[in-house]
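Enquirer: Give me the fold of what follows.
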Amino acid sequence: MHAHNAWGGSFDVPMDSADDDYSRNLDLDTAALQRLEETQQSWLLGPSEQKGKQYIDLGCIICSRRLFCNIAVAFIAATALAGLVVLIVKVIPHHQHPPPPEDDYTQALRKVLLFFNAQKSGALPKHNNISWRGNSGLKDGFMEKQNLVGGYYDAGDNIKFGFPGAFTITLLSWSVIEYHAKYEAIGELDHAKELIKWGTDYMLKTFNSSALSINEIWAQVGQGGPIATTTPNDHFCWERPEDMDYQRPAFSCGQCSDLAAEMAAALASASIVFKGNEAYSQKLVEGAKVLFDFSRRSRGRYSQSISDASLFYNSSGYYDEYVWGGAWMFYATGNSSYLQLVTTRGISKRAGAGGGGPNFGVFDWDNKLAGAQVLLTRLHLFLSPGYPYEDVLKSYYNGTNIMMCSYLPVYHSFNRTAGGLIELNHGKPSPLQYAASSSFLAAVYADYLTAADIPGWNCGPTFYASQALRNFSRSQINYILGDNPMKMSYVVGYGKNYPKQVHHRASSIPGGKSSHGCTPGYTYRDSKLPNPHLLIGAMVAGPNAKDHFQDVRVNYNYTEPTIAGNAALAAALVALSGGDSRGVDTSSIFATIPPIYPASPPPPAPWMP
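Expert: As a prediction, this is how the structure comes out:
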């Protein structure tokens with residue numbers, strides 16, 4: 001039955017057979033389209049609801065939800081386990097490999113530097129680390145209306161000698177300049193620099209360092225002579241520095257070329273040490289200029305002006321100080337006028353550079369030529385300034401080589417004890433300071449040769465490798481540290497067997513005991529008991545020519561230390577420490593020297609038939 005059409009006719013649409021075929025095809029196409037849409041929805045538009053439960057879309061990949069969860073759980077577990085391991089490592093104690101032990105030279109060096117802390121005069125810093133020392137000499141120079149507070153006591157007495165005191169600072173500064181990295185590696189650089197500054201600060205008080213020209217230097221505080229006096233002074237009295245109650249006069253000089261040039265060397269070398277502190281370094285340079293100018297204007301030996309000094313530190317001349325001080329002035333300023341001075345043949349000859357004489361090769365507070373030759377050989381090896389300086393520099397180089405030959409036992413230039421100690425002071429007392437200073441020169445020269453790629457040097461027709469110098473240096477320092485017939489270390493506090501009765505006022509008087517009154521301290525001086533305070537790092541005077549040593553406080557020829565001797569030992573120790581592969585700093589000493597352009601030598605004389 002068909003529905004009625006109000007407009008007439010039927011709703012049925014007549015279709016022919018072709019239309020039926022089209023309709024069937026359309027039905028098929030619609031079904032295919034439906035399947036295509038499902039496929040697009042699945043792959044292009046997203047997973048079906050069922051697949052969304054089984055897989056996770058990570059953007060670049062689709063992975064199984066179960067696999068993703070397994071990976072996540074494994075990652076979290078691994079992270080937790082790693083954190084637990086780190087916590088256990090940090091919390092539970094565990095063994096670490098200790099650093100390799102320091103060599104003997106480094107261990108001894110630490111102690112030797114500490115000796116200078118015990119020798120300080122003035123208001124001591126809180127970090128001085130010598131519990132039994134206090135403020136002393138706080139009125140030094142007041143009698144003369146000068147402020148001469150500070151500096152170092154020279155030895156076992158309470159005198160401040162300017163000549164060996166300045167040499168001490170020069171030698172310490174030289175060692176820091178050459179072996180800056182070694183001092184820093186063992187943590188002693190700041191200590192060494194503080195010791196140097198303690199000395200230079202005092203030296204700046206001993207002359208008018210702010211003036212352009214001076215006519216006086218304060219050379220000594222305290223008095224030791226005359227010999228066998230009963231007048232209260234620094235030698236007759238046995239008092240701690242903190243208890244000094246006698247008069248301490250100060251002595252000045254107006255003709256003291258040796259002292260002034262040595263002080264100039266000290267300030268000039270220290271200015272290189274403190275080049276990182278521009279203001280202080282420049283202050284030292286300006287003071288050194290004033291002192292060296294004074295040394296050239298007012299000729300004379302300081303010990304001629306100060307009779308008390310001549311009893312203990314008599315100077316033999318001043319031309320060696322001209323070469324020594326002039327070399328340091330050139331390094332500190334770069335001013336070629338100083339180089340011209342030290343390469344003047346007349347000055348070189350009068351300083352003894354031609355060789356010969358009993359003190360050729362001896363380096364100490366009085367004889368500076370040996371050190372000056374090595375110092376100027378450095379210039380020849382590394383800069384070679386050429387004409388007109390090179391001829392005299394070559395003579396210093398040759399002199400250095402001859403000096404090094406004299407240190408070798410095969411040449412018998414100096415006697416040796418049966419135990420192997422070289423006698424540079426010809427059998428006189430206090431031989432160790434001379435052995436220490438020559439050891440430093442040999443070691444530092446060996447390092448110069450190595451840095452310059454020179455394998456050794458010649459002694460006549462015989463060639464020696466630079467290792468021969470290090471062997472010599474070690475033999476002498478090892479003797480000092482205990483490899484000797486007495487089996488005794490001559491450095492207090494180093495090793496198991498060392499001097500106990502050191503000739504030293506401050507360390508021999510018990511703490512809390514007054515030593516006022518000059519002679520009551522004799523009780524402690526003459527005691528047979530060990531010193532109540534350990535003077536750590538003090539190198540004593542040493543044995544006699546037969547290797548025999550008497551540990552007796554009253555005999556200063558055996559048991560008294562000095563700051564100059566200890567400075568030489570410190571320099572030798574740092575040179576030998578750390579092995580042979582760690583040499584000198586080849587460039588820092590030349591920092592202020594401008595480029596040197598050698599002048600043309602004069603033309604040869606015209607030919608004459």
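
Enquirer: Can you give the distance of stretch 384-403 from its chain's centre?
Expert: Distance of stretch 384-403 from the chain centroid (CA atoms, centre = their mean, to the nearest Å) equals 27 Å.

Enquirer: Any chance you could list what contacts it?
Expert: Contacts with stretch 384-403, where a contact means CB atoms under 8 Å, 6 or more residues apart in numbering, come from 339-340, 342-345, 348, 353, 355, 360-361, 370, 372-374, 376-377, 379-381, 441, 445, 457-459, 596, 598-601. In short, each C-beta sits where N, CA and C put it, glycine included.

Enquirer: Filter those residues down to the ones in strands?
Expert: Per DSSP state E, strands hold the following members of these: Trp457, Asn458, Cys459.

Enquirer: Look at the residue lying closest to Gln247 once chain neighbours are set aside and give its secondary structure.
Expert: Taking CB to CB, 6 or more residues apart in numbering, and ignoring the residues beside it in sequence, Gln247 has Met143 as its nearest neighbour in space, at 7.0 Å. Using DSSP: H, G, I helix; E, B strand; the rest coil, the structure places Met143 in helix.

Enquirer: does Met143 really touch Phe251, like I thought?
Expert: No. Applying CB atoms under 8 Å, one finds Met143 not in contact with Phe251, separated by 11.2 Å.

Enquirer: Between the two, point out the one with more neighbours.
Expert: Neighbours around Met143 and Phe251, counted as other CB atoms under 10 Å, are more numerous at Phe251. The numbers are 20 against 13.

Enquirer: Now that the more buried one has come up, it's in contact with Ile306, right?
Expert: Yes. Using CB under 8 Å as the test, Phe251 is close enough to Ile306 to be in contact (4.6 Å).

Enquirer: Find the residues that touch each one of those two.
Expert: Residues touching both Phe251 and Ile306 by CB under 8 Å, 6+ apart: Ala219, Gln220.

Enquirer: can you map out the helices along the stretch 501-609 of the chain?
Expert: Shown for the stretch 501-609 of the chain, the helices assigned by DSSP state H, counting those that start in this stretch span residues 505-508, 522-525, 556-559, 563-576.

Enquirer: same question, the stretch 101-250 of the chain
Expert: Remark: helices assigned in the stretch 101-250 of the chain by DSSP H, counting those that start in this stretch are 104-118, 162-178, 180-185, 189-203.

Enquirer: tell me the most buried of those helices?
Expert: helix 162-178 (a mean of 27; mean count of other CB atoms under 10 Å).

Enquirer: next one: it to chain centre, how far?
Expert: Mean C-alpha position of helix 162-178 versus that of the full chain (CA atoms, centre = their mean) differs by 12 Å.

Enquirer: Closest one of the ones in strands among the contacts of stretch 384-403 to Ala451?
Expert: Ala451 lies nearest to Trp457 out of the ones in strands among the contacts of stretch 384-403, by CB to CB, at 14.2 Å.

Enquirer: Once you drop chain neighbours, what's closest to the closest one?
Expert: Among residues not flanking Trp457 along the chain, Asn401 sits closest, at 4.8 Å (CB to CB, 6+ apart).

Enquirer: Just the buried subset of the contacts of stretch 384-403, please.
Expert: 339, 342-344, 348, 353, 360-361, 370, 372-374, 376-377, 379-381, 441, 445, 457, 459, 596 (16 or more other CB atoms under 10 Å).

Enquirer: Now do the strands in this structure.
Expert: 55-57, 62-64, 160-161, 217-221, 250-253, 456-459, 462-465.

Enquirer: Export those as TSV, with columns for mean pLDDT and distance to Leu535.
Expert: Listed next are those as TSV, based on pLDDT from 0 to 100; distance: least, CB to CB, whole Å:
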stretch	mean pLDDT	distance to Leu535
strand 55-57	63	80
strand 62-64	70	79
strand 160-161	98	18
strand 217-221	98	21
strand 250-253	98	26
strand 456-459	98	39
strand 462-465	98	38
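
Enquirer: would you list those strands in JSON lines and tack on distance to Tyr556?
Expert: Rendered in JSON lines, the data for these read as follows (distance: least, CB to CB, whole Å):
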{"stretch": "strand 55-57", "distance to Tyr556": "93"}
{"stretch": "strand 62-64", "distance to Tyr556": "92"}
{"stretch": "strand 160-161", "distance to Tyr556": "15"}
{"stretch": "strand 217-221", "distance to Tyr556": "19"}
{"stretch": "strand 250-253", "distance to Tyr556": "22"}
{"stretch": "strand 456-459", "distance to Tyr556": "37"}
{"stretch": "strand 462-465", "distance to Tyr556": "38"}
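
Enquirer: Just name the most buried of those.
Expert: Ranked by mean neighbour count, those are led by strand 160-161 with a mean of 30 (mean count of other CB under 10 Å).

Enquirer: List the pairing partners of it within its sheet, with orientation.
Expert: strand 217-221 (antiparallel) (DSSP bridges).

Enquirer: one step back: from the buried ones among the contacts of stretch 384-403, which land in helices?
Expert: 339, 342, 348, 370, 372-374, 376-377, 379-381, 441, 445 (DSSP state H).

Enquirer: I'd like to know which of those residues is nearest to Leu534.
Expert: Leu441 (30.5 Å).

Enquirer: residue ranges with poor pLDDT in this structure?
Expert: Within the chain, the ranges that satisfy pLDDT under 70 run 1-61, 63, 65, 67-68, 85-100.

Enquirer: again, 50 this time
Expert: Applying pLDDT under 50 to the chain flags residues 1-52.

Enquirer: Need the helices of the stretch 501-609 of the chain in a markdown table (columns: mean neighbour count and distance to Ala82).
Expert: Converted to a markdown table, these look like this (neighbours: other CB atoms under 10 Å; distance: least, CB to CB, whole Å):
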| stretch | mean neighbour count | distance to Ala82 |
| --- | --- | --- |
| helix 505-508 | 24 | 58 |
| helix 522-525 | 16 | 66 |
| helix 556-559 | 21 | 64 |
| helix 563-576 | 29 | 47 |
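
Enquirer: Need these in a markdown table (columns: distance to Val491).
Expert: Shown next, in a markdown table, are these (distance: least, CB to CB, whole Å):
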| stretch | distance to Val491 |
| --- | --- |
| helix 505-508 | 14 |
| helix 522-525 | 22 |
| helix 556-559 | 13 |
| helix 563-576 | 7 |
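
Enquirer: closest to Ala266 out of those?
Expert: Comparison of those against Ala266 by CB to CB identifies helix 563-576 as nearest, at 10.9 Å.

Enquirer: Report the angle between the closest one and helix 189-203.
Expert: Using axes from the mean of the first three to the mean of the last three CA atoms, to 10 degrees, the inter-axis angle of helix 563-576 relative to helix 189-203 is 150 degrees.

Enquirer: how much distance is there from helix 563-576 to the middle of the chain?
Expert: For helix 563-576, the distance to the chain centre is 11 Å (CA atoms, centre = their mean).

Enquirer: now the angle between helix 104-118 and that helix, please.
Expert: Going by the same axes, to 10 degrees, helix 563-576 makes 150 degrees with helix 104-118.

Enquirer: Mind giving me the packing neighbours of helix 563-576?
Expert: Here helix 563-576 touches helix 104-118, helix 162-178, helix 432-451, helix 467-481, going by 3 or more CB pairs under 8 Å, 6 or more residues apart in numbering; DSSP states H and E.

Enquirer: Any chance of TSV for the ones you listed, columns distance to Asn335?
Expert: Converted to TSV, the helices and strands packed on helix 563-576 look like this (distance: least, CB to CB, whole Å):
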stretch	distance to Asn335
helix 104-118	31
helix 162-178	18
helix 432-451	23
helix 467-481	32
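
Enquirer: re the thing from before, quick one: which two of the ones in helices among the buried ones among the contacts of stretch 384-403 are the most distant?
Expert: Pairwise distances across those peak at 21.2 Å for Leu339 and Leu441 (criterion: CB to CB).
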